[in-house]
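Trainee: this is a predicted model, with the sequence first.
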Amino acid sequence: MEDATANTHFLIDNLVLNFTNEYSDEVLRRRELLLHDNLRKPVIYVGMGTCGIAAGAEQTLAAIKEYLAHNRIDAEVAEVGCFGLCSAEPLMDFQMPGKARVSFQKVYAADVVSLLDECFHNQLSGSHVLGQVRNESHEYYHNLPIINDLPFFKNQKRILLYDCGEIAPASLDEYLARDGYKAFMKTILNYPPEEVCDILARSGLRGRGGGGYSTGEKWKKVRSNAADQKYLICNADESDPGAYMDRTLVEGNPHRLLEGIAIAAYAIGATKAYIYIRCDYHIAVKRLKLALEQAYSFGLLGNSIGKSGFKLQIFLREGPGAFVCGEETALIKSLEGRRGVPTNKPPYPSEKGLFNKPTAINNVETLSNVALILLHGPEWFRQMGTATSTGTKLFALTGDTLHTGVVEVPFGTTVHDIIYNIGGGLKEDKKLKAVQIGGPSGSLIPESQTDITIDYQSFGTENLIMGSGGMVVMDETKCIVDIVKYFINFLQKESCGKCIPCREGTNRMFKILEAITHRPGQDANHESLSRFKGIMQLESLASVIKETSLCGLGKTAPNPVLTALKWFREEFEEHIYERRCRANVCKDLRTFLISAERCTGCMVCLRKCPEDAIVGAALQPHFIIQEKCNSCGICFDVCKFTAIDIL
Amino acid sequence: MSTIQNILRNYPTPDRSLLLPILQEVQRSEGYIPAEAVVLISDYLKIPTSKVYSVSAFYERFRFAPGAKYAICLCSGTACHMEKSGLLIKEFEKQLGITTGQITRDKLFSLNTSPCMGACGKAPVVRINNEFHTGVTIHQVAELLNMIKNQEEK
């Protein structure tokens, strides 16, 4: 243990605090070892992100350890984060000294023995192989693809994700070997805080949480407000359904975030920083806690960092589950120990934030960029992306694409490129129907509009919202009305209830959408009236909610409805006037009919029908009484003779 | 109640901003927020009991009754929704005889939904305590529940 601590101190003294870029042989040797360029023994990497664990990586890991113990093989097992290709989990990488690192996909516990046998006997059959990692100092396996050339990786620009899946998140040493904390040390020893704000402003970095406000300008504002105490808050309360970029970053490389926070705190003059992270992110919380401990114990955080006199304490707070706390004023209330409800702006948090002191709030992805910008310079950062939107953006690509996961692209890439070049197109070559960008309060984009480039300017002119970066791809078997209903339901549940337009408005919208997707029941609630008024009412409600809500949640809540009505109006009308769902998703609108020719009269459906809506005698064709039918579809599922049609 | 006083001792300076961390620690050790804890915390932090309750009731993760032995949690993320997690919830509700958010009478199962778990590539996802089940179909629901029930009988 003592040896390990000494090694870390050695790295900090000779690598982090050495700004000349000239290293002694000993430093280079230790660095190579930590970068896994030069191995002493075989290394097996297992992707232990949340997505990997959900897919069964823990069982795979246990099987690997058992294999090594059973065969008495001396090899290192490294637990790494997710490198973004979630649909290929559980992932296992294998690397022999001097040879290239090979990635294997979908390695379940049962596959481990045969696969590791192949690996250690150097007889790769090619099963499960994803590819080998490019590294010119290693000997390649012949006939295996290079992973960096796979379309999924080749078409990305991986700056933030570069380390994810490579680096062991629990190892400070590995991060130090990759120039970790170097930017921070360089900053606090060489740059005055004003210059840091300036560098950030020149880099053009804009807030990745959805607002898109210039980070450098935000910091300058907080700096210019005089106060005895200032705060920095890292917003890691990522709760959009279908978005998990921040989690991937924290799980993959927590030290990168800590370094970004430390630099930001120095720039604005804060000595206390808070990380507000969603409590459901158990693994991310665990890794952040460990990273914080490490940083404190080696003097990278705490009192008088690196003899510079700069002090910083970072507190970790778990957000106990409220979507609205992603809104900055609500987040502040929550940190103060109150109900997480938003307040009016102004005053902005940069004037009166946490405990009424000037506060800067930045998102995980934004802060993760900071160390890189200071390390490579703002000009390097400006090279990526477009003139007004610099750098890269992470997206959680989910839904019906062939590959799903977290992808990173420079601004200026088109939505179409992400879906087809990176995501590999749609599963089973189905037709693309729509893309939902930016989570529940984001926008729906139809297939015809997917050539839009991703940057703040073109999204602004189209009135679209980038949000934090969820990207859900839908094929033609998905119903737009149903998706919109799902988002509005989510928002009405998560509305904090403080202001009426949001609380009641989203609820009314949900009720209308429900009426549209239901069969006419008893008409006690004037359902048919709200059906026919449906679209008009939705539109007027949406504009009221948008204009009068207090915070971002309410102001953006009508977005899915409005964009869906703009592009998919005919589908709403079909639901209303024809009571028909073309994708057959809205269950209650389905009509089932039994074909008299094909029905053999086996009576299976008749017995299974929960509503006793099917009549008929044995060996005679059956009949469905539509008035009784509740469209559950059980008859359709149990029929062995495909005698039941859906209208 | 000494455990709660022990927890409070970990926070030497009473301050309102510590309310959520304290509540979280109580829930971690007790499994829920007992009524006595609300009173003790309010005494300690010098905030009215009603406020402590109001804050803890605002956040979804706090419970005021003990949880079930097997907490079934369905992902309600977008990808899972598109893979018909809604029908899956209905099936669980039918099999267990409870609605979402409730606990079975034998305190064995509870049923809840959680925001995206991030395993979208393998939707729909069901988490039972800390074990993940991916790509669950309606037909597997009874199987899953029977497996646990059999385990319990042993």
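Mentor: Received the coordinates, thanks.
Trainee: count of neighbours near residue A:236?
Mentor: 27 (other Cβ atoms under 10 Å in any protein chain shown). Quick note: C-beta positions are derived from backbone N, CA and C, even for glycine.
Trainee: for chain A, what are the nearby residues on chain B?
Mentor: With Cβ under 8 Å from any Cβ of the partner chain as the criterion, chain B meets chain A at residues B:15-21, B:23-24, B:45, B:54-55, B:58-62, B:76-79, B:81-82, B:87, B:114-122, B:125, B:127, B:132, B:134.
Trainee: sitting in strands, which of those do you find?
Mentor: Of the residues of chain B next to chain A, the ones assigned to strands by DSSP state E are B:114, B:125, B:127, B:132, B:134.
Trainee: contacting residues around residue 56?
Mentor: Defaulting to chain A. Applying Cβ atoms under 8 Å, 6 or more residues apart in numbering or on different chains to residue A:56 gives the contacts A:90, A:108, A:109, B:132.
Trainee: I was thinking of chain B, sorry if that wasn't clear
Mentor: Residue B:56 touches B:23, B:33, B:38, B:62, B:64, counting by Cβ under 8 Å, 6+ apart.
Trainee: count the neighbours of residue B:153 for me.
Mentor: The burial count for residue B:153: 6, using other Cβ under 10 Å.
Trainee: thinking again about what came up before, out of the ones in strands among the residues of chain B next to chain A, which comes closest to chain A?
Mentor: Nearest to chain A among those: residue B:132, at 4.1 Å, using Cβ to the nearest Cβ.
Trainee: can I assume that closest one is in contact with residue A:51?
Mentor: No. Contact criterion Cβ atoms under 8 Å: residue B:132 and residue A:51 do not qualify, at 9.7 Å.
Trainee: who has more neighbours, these two?
Mentor: residue A:51 (35 against 22).
Trainee: just the pLDDT for that one.
Mentor: pLDDT recorded at residue A:51 is 84.
Trainee: any idea which helix or strand carries it?
Mentor: Residue A:51 is located in helix A:50-55, with elements delineated by DSSP states H and E.
Trainee: kindly report the same for residue A:23.
Mentor: Going by DSSP H and E, residue A:23 is not in any helix or strand.
Trainee: where does it land on pLDDT?
Mentor: 86.
Trainee: now do residue A:528
Mentor: Note for residue A:528: predicted pLDDT of 66.
Trainee: re the thing from before, give me the buried entries from the contacts of residue B:56.
Mentor: Neighbour counting with 16 or more other Cβ atoms under 10 Å in any protein chain shown marks B:23, B:33, B:38, B:62 as buried within the contacts of residue B:56.
Trainee: what's the lowest-pLDDT member of those?
Mentor: For those, the pLDDT minimum is residue B:62, 91.
Trainee: related to what we said a few turns ago, select from the residues of chain B next to chain A every entry located in helices.
Mentor: B:19-21, B:23-24, B:45, B:54-55, B:58, B:78-79, B:81-82, B:87 (DSSP state H).
Trainee: make a ChimeraX selection of whichever of the residues you listed turn out to be buried.
Mentor: Buried members of those, defined by 16+ other Cβ under 10 Å, are picked up in ChimeraX with:
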select /B:19,20,21,23,24,45,55,58,78,79,81,82
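Trainee: can the ones in helices among the residues of chain B next to chain A go into JSON lines with extra columns for distance to residue A:55?
Mentor: Output for those, formatted as JSON lines (distance: Cβ to Cβ, whole Å):
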{"residue": "B:19", "distance to residue A:55": "37"}
{"residue": "B:20", "distance to residue A:55": "32"}
{"residue": "B:21", "distance to residue A:55": "32"}
{"residue": "B:23", "distance to residue A:55": "33"}
{"residue": "B:24", "distance to residue A:55": "28"}
{"residue": "B:45", "distance to residue A:55": "42"}
{"residue": "B:54", "distance to residue A:55": "40"}
{"residue": "B:55", "distance to residue A:55": "37"}
{"residue": "B:58", "distance to residue A:55": "34"}
{"residue": "B:78", "distance to residue A:55": "19"}
{"residue": "B:79", "distance to residue A:55": "14"}
{"residue": "B:81", "distance to residue A:55": "20"}
{"residue": "B:82", "distance to residue A:55": "19"}
{"residue": "B:87", "distance to residue A:55": "23"}
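Trainee: who touches the helix holding residue A:51?
Mentor: By Cβ under 8 Å, 6+ apart, helix A:50-55 touches A:46, A:82, A:86, A:89-91, A:244, A:247, A:251, A:281, A:283-284, A:405, B:117-119, B:121-122, B:125, B:127, B:132, B:134.
Trainee: what's the neighbour count on residue 142?
Mentor: No chain was given, so I picked chain A. 6.
Trainee: if you could check chain B rather than the one you did, that'd help
Mentor: 13.
Trainee: likewise for residue A:146?
Mentor: Residue A:146 has 15 nearby residues by other Cβ under 10 Å.
Trainee: also residue A:251?
Mentor: 30.
Trainee: for the residue most central in space within chain A, give its distance to residue B:135.
Mentor: The C-alpha lying nearest the average C-alpha coordinate of chain A belongs to residue A:244 (Cα atoms, centre = their mean; 1.9 Å). Using Cβ to Cβ, to the nearest Å, we find residue A:244 at a distance of 18 Å from residue B:135.
Trainee: next one: residue A:191
Mentor: Distance from residue A:191 to residue B:135, by Cβ to Cβ: 51 Å.
Trainee: neighbour-wise, which of the two wins?
Mentor: Between residue A:191 and residue B:135, residue A:191 has the larger neighbour count (other Cβ under 10 Å), namely 17 against 14.
Trainee: sorry, back to before: buried residues in whichever helix or strand comes after the helix holding residue A:51, which are they?
Mentor: Using DSSP H and E, the next helix or strand after helix A:50-55 towards the C-terminus is helix A:57-70. Using 16+ other Cβ under 10 Å as the burial criterion, the residues of helix A:57-70 that qualify are A:57, A:58, A:60, A:61, A:63, A:64, A:67, A:68.
Trainee: can you pull the pLDDT of the fourth one?
Mentor: What that stands for is residue A:61. With respect to pLDDT, residue A:61 has a value of 95.
Trainee: setting aside sequence neighbours, what's the nearest residue to it?
Mentor: In space, and not counting its chain neighbours, residue A:61 is closest to residue A:46: 4.9 Å by Cβ to Cβ, 6 or more residues apart in numbering or on different chains.
Trainee: ok, how many other residues are close to that neighbour?
Mentor: Neighbour number of residue A:46 under other Cβ under 10 Å is 21.
Trainee: which of the three states applies to it?
Mentor: For residue A:46, the assignment made with DSSP: H, G, I helix; E, B strand; the rest coil gives strand.
Trainee: wait, residue B:120 sits on residue B:82?
Mentor: No. Counting by Cβ under 8 Å, residue B:120 does not reach residue B:82; the two are 9.5 Å apart.
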